[in-house]
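Trainee: Mind folding the following:
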Amino acid sequence: MSFFSDVERDLVVAGRTPLADGVLALDLVSHNGRDLPAWTPGSHLDLVVRPGLERQYSLCGDVADRATWRVAVLREADGGGSRALHDDVEVGQRLRVRGPRNHFPFEVTPGTRYLFVAGGIGITPLRAMLAAADAAGADWTLEYAGRSRARMAFAAELLAAHPGRVRLHVGDEGDRLDVAALDVDADTAVFACGPAKLLDALESAAEGWAGTLHVERFEAKEFGAPVWPDPFEVELALTGGTVVVEPGQSVLAAVAGAGVDVLSSCRVGTCGTCETPVLEGEVEHRDSVLSPGEQADGTVMMVCVSRAAGPRLVLDL
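Mentor: Numbers count the residues shown, from 1 in each chain. Take a look at the predicted model:
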């Protein structure tokens with residue numbers, strides 16, 4: 001079961017723990033000691049670093065721990081949000097948090113073998129999945145790739161806890177993950193998170209698999225020109241108005257210009273915050289969140305990046 005919440009709350013930073021070179025864990029608790037909402041493996045939070053600057057981080061703690069939410073932040077050279085969280089956030093400080101939301105749900109199904117594939121900080125959403133699979137007695141393995149052991153969060157912990165199930169592929173030790181050699185049969189479900197190059201390779205390989213592939217992207221997919229290059233109309237079913245979305249303009253910006261507020265965060269189609277029901281019309285999905293099946297269903301769209309595939313859409317706004 002997946003949980004989706006747009007509730008915002010101020011949480012207290014209860015701990016700062018280095019997990020690896022450039023990776024910092026932040027432990028967040030309620031200011032009054034109350035339990036936090038339940039979450040499921042694959043969930044993430046929006047952290048409001050400062051007004052106008054939000055970043056998404058996967059929950060990577062214990063789903064049974066209702067007192068603490070833990071996220072792991074990779075320090076990125078060009079990432080203003082991650083640098084601020086590493087350098088400026090102190091224990092005792094309050095952070096504005098939205099969520100949890102889950103567009104990468106995981107549930108154990110009897111008879112299914114699970115192959116988890118992590119690249120670098122992509123281990124974070126998978127950690128709770130590993131725990132759930134292990135607790136359920138499922139057959140599972142993890143292939144975890146990174147540039148060096150020193151930069152691979154949770155690597156030593158996972159190796160010690162699950163001997164024989166966890167295999168590391170460490171770049172500077174000469175062991176690189178060979179996606180084409182992965183053993184995937186009809187009873188295998190693959191859950192993967194990591195850099196775009198890894199996920200692109202997995203999606204290409206999955207075209208020849210009988211098993212299923214589920215991915216979460218931290219980086220937006222790249223798309224070419226829109227299939228409908230002209231302006232299109234968006235009818236707002238709840239408010240009764242109609243707006244015109246110009247080439248180069250997002251649906252999100254167009255409806256905001258008409259005075260309709262849509263909650264959003266990443267603005268690049270990776271977080272799912274701006275998911276909006278579609279009542280009529282064909283959508284060109286340009287997000288990195290929805291599965292191929294969900295995109296084909298066409299009942300929701302991410303209005304920050306996705307567009308009409310024709311002259312008109314009707315949205316539940």
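
Trainee: mind listing the helices for the stretch 51-200 of the chain?
Mentor: In the stretch 51-200 of the chain, the segments counted as helices under DSSP state H, counting those that start in this stretch are 80-87, 123-135, 155-161, 196-206.

Trainee: Dump the shortest one to CSV, keeping only the CA atoms.
Mentor: What follows is helix 155-161 as a C-alpha-only set of coordinates in CSV (Å, rounded to 0.1, in the frame of the first residue of the first chain):
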residue,chain,number,x,y,z
ALA,A,155,27.5,-0.8,1.8
ALA,A,156,29.4,-2.2,4.8
GLU,A,157,26.2,-2.6,6.8
LEU,A,158,24.3,-4.4,4.1
LEU,A,159,27.2,-6.7,3.3
ALA,A,160,27.5,-7.7,7.0
ALA,A,161,23.7,-8.1,7.5
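
Trainee: which other helices and strands contact it?
Mentor: Under the contact criterion of 3 or more Cβ pairs under 8 Å, 6 or more residues apart in numbering; DSSP states H and E, helix 155-161 touches helix 123-135, strand 139-146, strand 166-170. Placement of C-beta: from N, CA and C, glycine included.

Trainee: Rebuild the helices of the stretch 51-200 of the chain as a markdown table, extending it with mean neighbour count.
Mentor: As requested, these are exported to a markdown table (neighbours: other Cβ atoms under 10 Å):
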| stretch | mean neighbour count |
| --- | --- |
| helix 80-87 | 17 |
| helix 123-135 | 23 |
| helix 155-161 | 15 |
| helix 196-206 | 17 |
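
Trainee: Minimum distance to Ala72: which of the ones you listed has it?
Mentor: With Cβ to Cβ, the closest approach to Ala72 among the helices of the stretch 51-200 of the chain belongs to helix 123-135: 5.0 Å.

Trainee: Tell me what angle the closest one forms with strand 139-146.
Mentor: Taking axes from the mean of the first three to the mean of the last three Cα atoms, to 10 degrees, one finds helix 123-135 and strand 139-146 inclined to each other by 160 degrees.

Trainee: Quick one: list the elements packing against helix 123-135.
Mentor: strand 53-58, strand 113-119, strand 139-146, helix 155-161, strand 188-194.

Trainee: Fine by me, thanks again.
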